[in-house]
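S.K.: sequence first, predicted model second:
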Protein chains: 4
Amino acid sequence: MSHNSFGHLFRVTTWGESHGPAIGVVVDGCPPRIPLTEADIQPWLDKRRPGQSKFTTQRQEPDQVRILSGVFEGLTTGTPISLVIENQDQRSRDYADIAVQYRPGHADVTYDLKYGIRDYRGGGRSSARETAMRVAAGAVARRVLGGRVTIRGALVQVGPHRIDRGRWDWDQIGQNPLFCPDPVAAAAWETYLSEVRKSGSSAGAVIEIVAEGAPPGLGAPIYGKLDADIAAALMSINAVKGVEIGEGFAAAALTGEANADEMRMRDGVVEFASNHAGGILGGIATGQPIVARFAVKPTSSILSPRQSVDRRGHDIEIVTKGRHDPCVGIRAVPVGEAMVACVLADHLLRHRAQNPDAPAILRLPRN
Amino acid sequence: MSHNSFGHLFRVTTWGESHGPAIGVVVDGCPPRIPLTEADIQPWLDKRRPGQSKFTTQRQEPDQVRILSGVFEGLTTGTPISLVIENQDQRSRDYADIAVQYRPGHADVTYDLKYGIRDYRGGGRSSARETAMRVAAGAVARRVLGGRVTIRGALVQVGPHRIDRGRWDWDQIGQNPLFCPDPVAAAAWETYLSEVRKSGSSAGAVIEIVAEGAPPGLGAPIYGKLDADIAAALMSINAVKGVEIGEGFAAAALTGEANADEMRMRDGVVEFASNHAGGILGGIATGQPIVARFAVKPTSSILSPRQSVDRRGHDIEIVTKGRHDPCVGIRAVPVGEAMVACVLADHLLRHRAQNPDAPAILRLPRN
Amino acid sequence: MSHNSFGHLFRVTTWGESHGPAIGVVVDGCPPRIPLTEADIQPWLDKRRPGQSKFTTQRQEPDQVRILSGVFEGLTTGTPISLVIENQDQRSRDYADIAVQYRPGHADVTYDLKYGIRDYRGGGRSSARETAMRVAAGAVARRVLGGRVTIRGALVQVGPHRIDRGRWDWDQIGQNPLFCPDPVAAAAWETYLSEVRKSGSSAGAVIEIVAEGAPPGLGAPIYGKLDADIAAALMSINAVKGVEIGEGFAAAALTGEANADEMRMRDGVVEFASNHAGGILGGIATGQPIVARFAVKPTSSILSPRQSVDRRGHDIEIVTKGRHDPCVGIRAVPVGEAMVACVLADHLLRHRAQNPDAPAILRLPRN
Amino acid sequence: MSHNSFGHLFRVTTWGESHGPAIGVVVDGCPPRIPLTEADIQPWLDKRRPGQSKFTTQRQEPDQVRILSGVFEGLTTGTPISLVIENQDQRSRDYADIAVQYRPGHADVTYDLKYGIRDYRGGGRSSARETAMRVAAGAVARRVLGGRVTIRGALVQVGPHRIDRGRWDWDQIGQNPLFCPDPVAAAAWETYLSEVRKSGSSAGAVIEIVAEGAPPGLGAPIYGKLDADIAAALMSINAVKGVEIGEGFAAAALTGEANADEMRMRDGVVEFASNHAGGILGGIATGQPIVARFAVKPTSSILSPRQSVDRRGHDIEIVTKGRHDPCVGIRAVPVGEAMVACVLADHLLRHRAQNPDAPAILRLPRN
């Protein structure tokens, strides 16, 4: 991960500011002859797109992606894939205030500290708008991984309220505007978030990503461990403050006996009795579902006045107006899926470079 | 982070297996003319060294580090620094069993799945022994960061038992064998861990790392965010299953009002009223203390028999004998410190490459 | 250098095919607060632009560059700079032949061998059109290097004909369409190239790039040597078959006495009596002019029929029609300048990361 | 290529100074289950080892390599391979002079300019001794490439004297101490170099490396072109001032007709009528022999007094005593071979990561 690129062989570079003319991504290293059109990418962008419910920002962006390179007659060519979305709803509002004020919890102050300049319009480069290009890259990564691999995300906590995991039903994800797998929680959260929104406050969230069907062996220890790369990828998403794999922090409270995933042979394949490890041991995928969670802090843009300072060194009171998500965690679901997809695609290429003969399923070694 | 290296400009590459002739690290990109001798590195290694209390493995390794290059007449020369520790206590025990058996919770099965071969002696490359070289590299990183920067770690949870943060006292860290800042908790944990050890079980832990004095502005968004790099660095440590920054997962349950860190000017410098962000906003250091926590799973080597399989595809029962830490989280404290030190040193160099005029304290920009 | 990116800290990623909708470049890592507008980039593109004389392809491309990100109110912001040129003169000719035929000396056959697919229109990704984006990135690099650094290129050989170095006059470069510093040679070459063009043949060339004013100390031995990075950068330009620094291949025939650049102190600064080294010793810049040359093979597109094969495995005779440069080496001059500018900008950042106190002129060390 | 590492997937990191306790290399990313012992590496080191004839330095180093990690029971394990050679003949001479003096043509002055400090003993890090570790890494690379790939080097010019290519005989390489494929030239060169040596002067050389049997398709355009990576790799060798591929600089003087390599089908495989391209088109290997040449300047250490300066800013006269090669180009032959081997191994892994189905011979694509 370096500055605005991530991945080693499946390498993603994004660019663009919230209120510039466009945002984009270059996906380099994609294998050739993979079918790819805008129609393969657009649905994932639509899932993330704002303005779809009252729980996400009302900014209206059609977010129409265009493929500018790397695809010929519907197939990838192995050359860099350039994807671009033009910014349209750059509302010509007055940015005079925000230009010199630092919103608490935002990156305003740190961008200014680091660079001594920032495009303050809509958050500029630090805007969540950038995540649209992660989703676009993730759509390409899914094509690289192929149909065998399924990557799905769900909201498992909103504010202090968690789902009941016993009611987990993937089919519910598309039935509510919160990507919630528990229909009871979904209904309760809608009420809760309406209150939050009306009061001008905001709520945090926890998202869980589950990747199934990825071949065992992915991961490049010691420092390119699969979980380390997933952790970086998820932590790089706006507003994320924590990442965990499998049992995560809960593992600290378990005994060694409870935490170990026992194994048995079944039809010539290793089968695990449980998945506390979240599908990763020693930084390498076991072949079980890869389970990662990440915590998103409450949206920093709130209506309550907060103490802050401005660029000229004055103490100020600040109220963040504008169109904001009461819970940015909701739209982080497709973003988290995309980041995991990109990491897996990258590791798939890295793995087969070093281990071209490694088995695609959980078979034991060759001697 | 790529395979066995991490860092971009302050680049660390480790090598070596638990029971090979030696383990080592190459630190590349270190600035020149920094005083460095073995005596600057050894104390940190001694802190991590096994066999110092009944709560860590009884393997006895003097872990004497040697500098083989990159230092001339007591000063770094800007060329790669090679550090080596010879393995001494490679107990010549019978590894016939472990050679073909997969210990649950260990990387045995995944190394075999990925590579089709593994040095099974003492865990080979996946052994926690590798972390000694992280600590050695961290000692060099501390020299690069200079005396202004302090990086300290503490055990804040063992098994299900947390410290009382109101009793936090850094001076306690060196007063107990558990790096615990709460003397009451320390005493209770010693009793608890003695039980765990006697019963042949194991316990997990949570470690907190606090870095103070690092200049604001460190971090390279969007994908080289400081928190993303810290997350990867900590998640790459053996047995780590979760990482969080500042409030971490608890942030999800806070309101936007509660979570925002308000600012005020004080003597020309920005001062924050709180540090929910853990010192990082938008992936860039604010200049406040950087606070990271990570969860370590319970040691997988336990005396209770567990179901597993062997390399030949037979179902087996396995009991992990040998010298093991009942709680590997304890020795992870200096390792976590070292990883944060390396990440900060790397970002210090990256930051001044792009922003040579950036202020070293929390002053506002230049116009 | 990896796939479609190069540079470590000043990192350039290009994308786009000759006949796709657009070509572009993302420049990441640029320092902030550097004045930059399209007007700083366009003149360099105009210099490379085809259709300006009868010695370059008649394809007419206005090559209007647009800045899509990374610049705010005329200043760079430290975020990625996205530059795009729309392709306009994508002549809708019939590509049926070229789609299945391999032109000798072209990358047709190797792209097909490697990827199993290629965008054959106008050479696709392997077209020299891609070099426009190198020139755009080079314009940004020049801004990073600042006004003190001058990077100029000249054609020093066309076909078998060399300049007389005694007549070298930089002011002549802009006086002829061949970037030739020797007015006598320029006139002769025009006659020669007119013949070459009329006969449907093509000619090679040698280009010399001279960079003056770069600070001493640039270069990152052992493997990031300044000359090694320049060699890679120049060799990556289309049709380049050789690169040399200073005396280059001629050094092999010199004695040690003749080749050594003697030194003397002058006004407190080291002064060299000669520059056989081309400004680089041990991979590090001495502060003298950096001198690099590269050889460009004759344009592979010629009118004489050549033996070849087609995609279906048939022997064929092939004649390359279309609009082509009789000597691609001419337009390689601004491309070579741009590549050297990018390498120097990257090394400037790398150097000050590791050696923030290094002197900017040829002064001796500090003790 | 970054500082002291090169390669992306087959990654080589060297460390060590000429007169430090040891020199070493870490080879990361090597595929597992490849047979490897010290005996596979030692013969290549012996080929480069000094003191074998009167034309190379009389420093006596047994250069015994030890494998410290990454190999288990004679097979690579996929983990980093650490190779070390202890320095033995660190003659305890008086370095008082050289400590403060800058030898013309050497890296003394630039290391001091860059780092403000240097290990001056025997050239420290800039010594050609470092190349021993390149040779060691190259031996591992050869194992990765397998028996099908042959990489051989030859001296084709010494001082101003070239071989007669009509007399080229690979079997002659081992018959003379100069790696010369032309027995007549070899005899003449021995006489010539004896004179050079006696007179205290030195001579340059040109080396040609030919790699046969590598699969077509290697190379990662646009910036990871195979020839660009070979150029960087060879230019990074001590004293190298030029690199060329195939016809190289001579291509500039050829017509397009003469330079194009025509193709014909033969038994279902593409066959080229010539190899002016040196086996690389568009940065991708054609499957023909890969031909690279590089020029080595005359040894800078000569007995004739030269004007120079010292560290304190005094003008001095300097005579370089000590044990030196009259022609460092001779020992550069195995080093050049090793660098090409490492580049090819790296590209082999990169190629199969992106194109796992690409053909291993020059067959045409799949549709």
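M.R.: Looks like it came in fine.

S.K.: relative to chain B, how far out is A:Thr299?
M.R.: Per C-beta to the nearest C-beta, to the nearest Å, A:Thr299 is found 6 Å from chain B. C-beta here means a position set from N, CA and C on the backbone, and glycine is covered the same way.

S.K.: and if you look at A:Ser127?
M.R.: 10 Å.

S.K.: tell me how many other residues crowd the residue lying closest to that residue once chain neighbours are set aside.
M.R.: What sits nearest to A:Ser127 in space, not counting adjacent residues and going by C-beta to C-beta, 6 or more residues apart in numbering or on different chains, is A:Ser18, at 3.5 Å. Residues lying near A:Ser18 (other C-beta atoms under 10 Å in any protein chain shown) number 20.

S.K.: wait, a helix at A:Ser18?
M.R.: No: secondary structure of A:Ser18 (DSSP: H, G, I helix; E, B strand; the rest coil): coil, not part of a helix.

S.K.: which bits of the stretch 1-150 of chain A sit near chain D?
M.R.: A:8-9, A:29-32, A:78 (C-beta under 8 Å from any C-beta of the partner chain).

S.K.: farthest-apart pair in those, please.
M.R.: Longest distance between any two of the residues of the stretch 1-150 of chain A next to chain D is 18.2 Å, between A:His8 and A:Pro32; criterion C-beta to C-beta.

S.K.: anything in the helix ranked longest in chain A near chain C?
M.R.: Assignment by DSSP state H gives helix A:332-354 as the longest helix of chain A. No: contact of helix A:332-354 with chain C is not found when judged by C-beta under 8 Å from any C-beta; the minimum separation is 11.4 Å.

S.K.: does chain D sit close to that helix?
M.R.: Yes: with C-beta under 8 Å from any C-beta as the measure, helix A:332-354 is seen reaching chain D through A:349-350, A:352-354.

S.K.: among those residues, who's most crowded?
M.R.: A:Arg350 leads those on contacts (other C-beta under 10 Å) with 27 neighbours.

S.K.: what sits against that residue?
M.R.: A:8-9, A:220, A:224, D:9, D:353 (C-beta atoms under 8 Å, 6 or more residues apart in numbering or on different chains).

S.K.: what's the answer for A:Arg143, then?
M.R.: A:34-36, A:40, A:76.

S.K.: can you give me the helices for chain A?
M.R.: Using DSSP H, helices in chain A cover A:38-48, A:96-100, A:108-115, A:131-145, A:183-198, A:226-235, A:256-259, A:332-354.

S.K.: C-alpha coordinates for the third one, CSV please?
M.R.: Listed next in CSV are the C-alpha coordinates belonging to helix A:108-115 (Å, rounded to 0.1, in the frame of the first residue of the first chain):
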residue,chain,number,x,y,z
ASP,A,108,-9.4,19.0,7.4
VAL,A,109,-6.8,19.8,9.9
THR,A,110,-4.5,16.9,9.1
TYR,A,111,-4.5,17.5,5.3
ASP,A,112,-3.6,21.1,6.1
LEU,A,113,-0.9,20.1,8.6
LYS,A,114,0.6,17.7,6.1
TYR,A,115,0.3,19.5,2.8
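
S.K.: which residues does that helix contact?
M.R.: A:98, A:101-102, A:118, A:120, A:124-126, A:309, A:311, B:216-217, B:219, B:263, B:270, B:280-287, B:351, B:355, B:358-359, B:362, B:364-365, C:32-33, C:77-78.

S.K.: in strands, which of those residues appear?
M.R.: A:309, B:263, B:270, B:280-281, B:284-285 (DSSP state E).

S.K.: buried set for the lowest-mean-pLDDT helix or strand in chain A?
M.R.: One helix or strand of chain A scores below all others by mean pLDDT, DSSP states H and E: helix A:96-100, with a mean of 82. Within helix A:96-100, the residues that count as buried by 16 or more other C-beta atoms under 10 Å in any protein chain shown are A:98, A:100.

S.K.: give me the distance from it to the chain's centre.
M.R.: Computed by C-alpha atoms, centre = their mean, to the nearest Å, the separation of helix A:96-100 from the middle of its chain amounts to 30 Å.

S.K.: contacts for it?
M.R.: A:108, A:120-121, A:310-312.

S.K.: report the buried members of those.
M.R.: Counted by 16+ other C-beta under 10 Å, those give A:108, A:120-121, A:310-311 as buried.

S.K.: could you dump these into JSON lines with pLDDT added?
M.R.: Conversion of the buried ones among the contacts of helix A:96-100 to JSON lines gives the following (pLDDT from 0 to 100):
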{"residue": "A:Asp108", "pLDDT": "95"}
{"residue": "A:Tyr120", "pLDDT": "93"}
{"residue": "A:Arg121", "pLDDT": "92"}
{"residue": "A:Asp310", "pLDDT": "93"}
{"residue": "A:Arg311", "pLDDT": "91"}
